[in-house]
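Colleague: just the structure for this:
(2 chains)
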Protein chains: 2
Amino acid sequence: MDIKNKEITSRDEDFAKWYTDVCKKAELMDYSDVKGFIIYRPYGYAIWEEIQNYLNKEFKKTGHENVYLPLVINESLFNKEKEHVEGFAPETLIATIGGKEEIQDRLIIRPTSECLFTDHYSKIISSYRDLPKLYNQWCNVVRWEKTTRPFLRGAEFLWQEGHTMHRTSDEAKEETLKMLEIYDRMGRDLLAIPFVKGRKTDKEKFAGALETYSIEALMHDGKALQSGTSHYFGDGFSKAFGVSFLDSDGKIKNPYQTSWGVSTRLIGAVIMVHGDDNGLVLPPFVAPIQIVIVPIQMNKEGVMAKCNEVYETLTNAGLRVKLDKSDKTPGWKFNEYEMKGVPLRIEIGPKDVTNNHLVLVRRVDHNKEFLDINEELVNNIQNELKNIHQLMYKKALANLLANIHEIHSLDELKEALDKGGYAKMMWCGDRACEDKIKELYQATARCIPFDELPFDDTCPVCGKKAKYVVLFARAY
Amino acid sequence: MDIKNKEITSRDEDFAKWYTDVCKKAELMDYSDVKGFIIYRPYGYAIWEEIQNYLNKEFKKTGHENVYLPLVINESLFNKEKEHVEGFAPETLIATIGGKEEIQDRLIIRPTSECLFTDHYSKIISSYRDLPKLYNQWCNVVRWEKTTRPFLRGAEFLWQEGHTMHRTSDEAKEETLKMLEIYDRMGRDLLAIPFVKGRKTDKEKFAGALETYSIEALMHDGKALQSGTSHYFGDGFSKAFGVSFLDSDGKIKNPYQTSWGVSTRLIGAVIMVHGDDNGLVLPPFVAPIQIVIVPIQMNKEGVMAKCNEVYETLTNAGLRVKLDKSDKTPGWKFNEYEMKGVPLRIEIGPKDVTNNHLVLVRRVDHNKEFLDINEELVNNIQNELKNIHQLMYKKALANLLANIHEIHSLDELKEALDKGGYAKMMWCGDRACEDKIKELYQATARCIPFDELPFDDTCPVCGKKAKYVVLFARAY
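Modeller: Reported below is the predicted structural model:
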């Protein structure tokens, strides 16, 4: 399988083209007639469903409940929190006609649902006994964008948005960080992606938030991808929307709020972190098909029976297996599932039937070995999937660590950004320096990473006293 | 628990008021600022999630795949199938402004997605090898309605819509009926609702379909509720949208299409079929909380320990249990979970701890008994849930059968409709007779039920020769 898949552009030739090739050829998505709105095909949507399953369990464990709020927001309601509105108004889709009549208070298709949740909370919270409220919703949102990049940027995407209300600011801040931690763990345990966790600068934070935290992933081309955010709002929305409660001390107070979300963008992260020149490489625990069984000389005696037997054994153990019985050649099938990034391939031919073993090929490194078909089969395969996951995580981590460049001057900054990856820089904290870097090198402050020690005294942009370690990068 | 819940209107006093009382007090939903758009609160949404879990398994077993298509449809695409457009155009919500600019080809918020699926299929189907395509999607849809009735009627609802393409009309027709059968089974096994299955008359069928089948449920007030539909389209949409494939005989053909869906309306059906004057009565397999444990004298020695022990045992067995540790009184808790329709209540007090048993109370009939806390506990509770399900199903079935009235004249028709339930009538097949019944008695043909034998020769409306057995009813 060292033959290059010719339907897919090489990553080094044109990474953007490689990306859309993979999205299309692996049948993850298709374009629709409306610019910016994509079709999530079964193979792409199934990845999202695995992410949903993982997160729903984590959210439930931490006491969150799922709800569903309206698709639309009255323009008058939307306008209640000033900063929020300024951030989102330029990219809203607005419905103006309903049942052939003009709508008086125009309807904004939700770009995010802070307004709706806070308004709802104003009706159902009245006592400290009602707190905390820990809600989450899975839904579609619309942000009107001119550019379309499948999963990364577009008018409509799918996501979850958690919105919570707390009695104290400490509790809300704790929630904000707890959810960021869950996202980070999802990277490590499900997506095999090492995220960088940190706080956003004031310039980059969410419209209306006091603090925004994010997980950032590093793509193969050296660009960063913001992969999830968690916001602490203080009581700003609470006050604007009139949410208050009677506390046990007899005083009326405004609760403190958070919101946090990840979206189908994560599918893009998985593609761009792990993919290679032959297509997708899916981490085993998020792969819709974990194992594909390809029969060799399927008409020879015993081959299909053995394939079926192995299929049943693995499926009954809860593994996601596909047995390709189609009349395509084994070579075609190898190519197809290679391109689709299926983590493990099992080949069974007449010789294997005789020897009661199978051939096991790993997508990630093409490692090939024989495995006996015995009572240890399920265990061995499960271990192999774990090995693959570890291998992929370590590879991505090594790539991340090799691409954090400590810089001490503007020249070094430019050099680092051109190399790709993160420029780790001391920063004075002034917006002006961020703006200058954006203007000069098209890079943004991705985050102020947790647990990084200062390594210099001055900001290399302005020469003033440095306050923070910041990671700058070009980003999607 | 024979005390009437005073927060809820009696069903016989005002059924519509009873319904909205239950929806609000049981915290299933809330209203939003935008008319017709409701908020699905955690307890209501969790019912929907149970329905999703059930159907996703059934859809998967029958080879269907989940996808996600855009929220919006270009007006020009929407206009391609004439009958379809005429049916839906009057109730569409239309977005006309995106990113502050006017949108040239205006965007219809999907009321249903036949157009989008058929258009997508035109791009991915080219050979008989591509067939069948068996797709399903879970999403929100919008139909602009002036009236709002939680779960039953409103501008936005949640549903699943299956859209499939087949090589032959026979295969497509088989699919149409297969999915109706799955819905019917869901009624029997999950919702404890006996549906009437049948074919819609031409007047009542879906815009653009050749045949529409439905499941109809009978509410407590004698009105019918269409609870799910399955449509056979022939190749009408295929032709209008240019979907074709090369068959094995070398000929280019248009595939045959189906679609089928159920929505959050099912939550309304569950409420109105099973509820009583004290509130909700939830069938055990769809209930978000199947068992509530209420400690009696929770400060007495051993009570909380025993409650926790029982909670752990039942939860570990996969049951959905809530242990209410709050400082509210047992009486308040009884009332609360009674109103919320929790199928089983467990009470544990000091005496029960001494005797190592618990008190078990069934919501449906208030049957109360002692149950030993031993190794049979899980089994016994599981059996009790099955018993409750059977009891509820039988009760609903008895009510359905008692309310199908065979009628032979217009007078009898009126009498039957006023009594409530279905008027079973022979019908000539003419639209004019349907229209007349609608005009005279505000009743519609719910369906031509399967497996009903003719019992008369003439249509009681016009006196002409009768062709079909039809069920007429007043409906939601």
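
Colleague: so what's the gap between the worst-scoring helix or strand of chain A on mean pLDDT and the chain middle?
Modeller: Ranked by mean pLDDT, DSSP states H and E, the weakest helix or strand in chain A is helix A:82-88, scoring a mean of 86. Put simply, helix A:82-88 sits 24 Å off its chain's centre (C-alpha atoms, centre = their mean, to the nearest Å).

Colleague: alpha carbons only: can I get the helix or strand following that helix in CSV?
Modeller: Counting by DSSP states H and E, the next helix or strand C-terminal to helix A:82-88 is strand A:93-98. Taking Å, rounded to 0.1, in the frame of the first residue of the first chain, the C-alpha atoms of strand A:93-98 are listed here in CSV:
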residue,chain,number,x,y,z
LEU,A,93,-29.3,35.3,8.3
ILE,A,94,-32.6,37.0,8.7
ALA,A,95,-36.1,35.7,8.0
THR,A,96,-38.5,38.4,7.1
ILE,A,97,-41.5,36.6,5.5
GLY,A,98,-43.7,34.0,7.2
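
Colleague: pLDDT of strand A:93-98, averaged?
Modeller: Taken as a whole, strand A:93-98 has an average pLDDT of 97.

Colleague: and it, which strands flank it?
Modeller: strand A:101-109 (antiparallel), strand B:93-98 (antiparallel) (DSSP bridges).

Colleague: tell me which of those sits nearest to residue B:351.
Modeller: strand A:101-109 (58.2 Å; C-beta to C-beta). All C-beta spots, glycine's among them, are computed from the backbone N, C-alpha and C.

Colleague: how's chain A carved up into domains?
Modeller: Using automatic domain parsing, the domain parsing of chain A gives A:15-274, A:291-384, A:406-473.

Colleague: return the most buried member of these.
Modeller: domain A:15-274 (a mean of 20; mean count of other C-beta atoms under 10 Å in any protein chain shown).

Colleague: mind checking if the least confident helix or strand of chain A is in reach of chain B?
Modeller: No: in terms of C-beta under 8 Å from any C-beta of the partner chain, no part of helix A:82-88 sits within range of chain B; the closest distance is 11.0 Å.

Colleague: correct me, but residue A:252 touches residue A:246?
Modeller: Yes: counting by C-beta atoms under 8 Å, residue A:246 is a contact partner of residue A:252 at 5.9 Å.

Colleague: please save the CA atoms from the least confident helix or strand of chain A in PDB.
Modeller: Presented in PDB, the C-alpha positions along helix A:82-88 are these (Å, rounded to 0.1, in the frame of the first residue of the first chain):
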ATOM      1  CA  LYS A  82     -24.600  45.200  23.100                       C
ATOM      2  CA  GLU A  83     -21.200  43.600  22.700                       C
ATOM      3  CA  HIS A  84     -22.800  40.400  21.700                       C
ATOM      4  CA  VAL A  85     -24.900  42.000  19.000                       C
ATOM      5  CA  GLU A  86     -22.000  43.900  17.600                       C
ATOM      6  CA  GLY A  87     -20.000  40.700  17.300                       C
ATOM      7  CA  PHE A  88     -22.700  38.700  15.500                       C
END
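
Colleague: what does it contact?
Modeller: Outside helix A:82-88, the residues that touch it by C-beta atoms under 8 Å, 6 or more residues apart in numbering or on different chains are A:78-79, A:111-112, A:114-115, A:143, A:206-208, A:237.

Colleague: and the residue of chain A most remote from its centre, what does it touch?
Modeller: No residue in chain A sits farther from the centre than residue A:301, which is 45.8 Å out by C-alpha atoms, centre = their mean. By C-beta under 8 Å, 6+ apart, residue A:301 lies in contact with A:350, A:353.

Colleague: are we agreed that it is in a strand?
Modeller: No: under DSSP: H, G, I helix; E, B strand; the rest coil, residue A:301 falls outside any strand and is assigned coil.

Colleague: quick check: the gap between it and residue A:293.
Modeller: Plainly put, residue A:301 is 17 Å away from residue A:293 if you go by C-beta to C-beta, to the nearest Å.

Colleague: what residue ranges in chain A score low on pLDDT?
Modeller: For chain A, applying pLDDT under 70 flags the ranges A:1-3.

Colleague: who in the stretch 101-250 of chain A is up against chain B?
Modeller: With the criterion set to C-beta under 8 Å from any C-beta, the stretch 101-250 of chain A comes near chain B through A:107, A:109, A:116, A:119-120, A:123-124, A:135, A:139-140, A:142, A:144-146, A:155-156, A:158.

Colleague: returning to what we had before: distance to residue B:176 added to the contacts of helix A:82-88, as CSV?
Modeller: Shown next, in CSV, are those (distance: C-beta to C-beta, whole Å):
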residue, distance to residue B:176
A:78, 42
A:79, 47
A:111, 38
A:112, 39
A:114, 43
A:115, 42
A:143, 38
A:206, 47
A:207, 48
A:208, 49
A:237, 48
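
Colleague: farthest pair in those?
Modeller: Taking C-beta to C-beta, the two most distant members of the contacts of helix A:82-88 are A:143 and A:237; they sit 19.3 Å apart.

Colleague: same list (the strands paired with strand A:93-98) but as JSON lines, adding distance to residue A:375.
Modeller: Formatted as JSON lines, the strands paired with strand A:93-98 follow (distance: least, C-beta to C-beta, whole Å):
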{"stretch": "strand A:101-109", "distance to residue A:375": "55"}
{"stretch": "strand B:93-98", "distance to residue A:375": "59"}
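
Colleague: and those: which comes nearest residue A:377?
Modeller: Of the strands paired with strand A:93-98, nearest to residue A:377 by C-beta to C-beta is strand A:101-109, at 50.2 Å.

Colleague: would you mind writing the CA trace of that closest one as PDB?
Modeller: The C-alpha coordinates for strand A:101-109 follow below in PDB (Å, rounded to 0.1, in the frame of the first residue of the first chain):
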ATOM      1  CA  GLU A 101     -46.700  38.000   5.200                       C
ATOM      2  CA  GLU A 102     -44.000  40.300   6.400                       C
ATOM      3  CA  ILE A 103     -42.700  39.600   9.900                       C
ATOM      4  CA  GLN A 104     -42.700  42.700  12.100                       C
ATOM      5  CA  ASP A 105     -40.000  41.800  14.600                       C
ATOM      6  CA  ARG A 106     -37.600  40.100  12.200                       C
ATOM      7  CA  LEU A 107     -36.300  36.700  13.000                       C
ATOM      8  CA  ILE A 108     -32.600  36.000  13.200                       C
ATOM      9  CA  ILE A 109     -31.600  32.400  12.500                       C
END
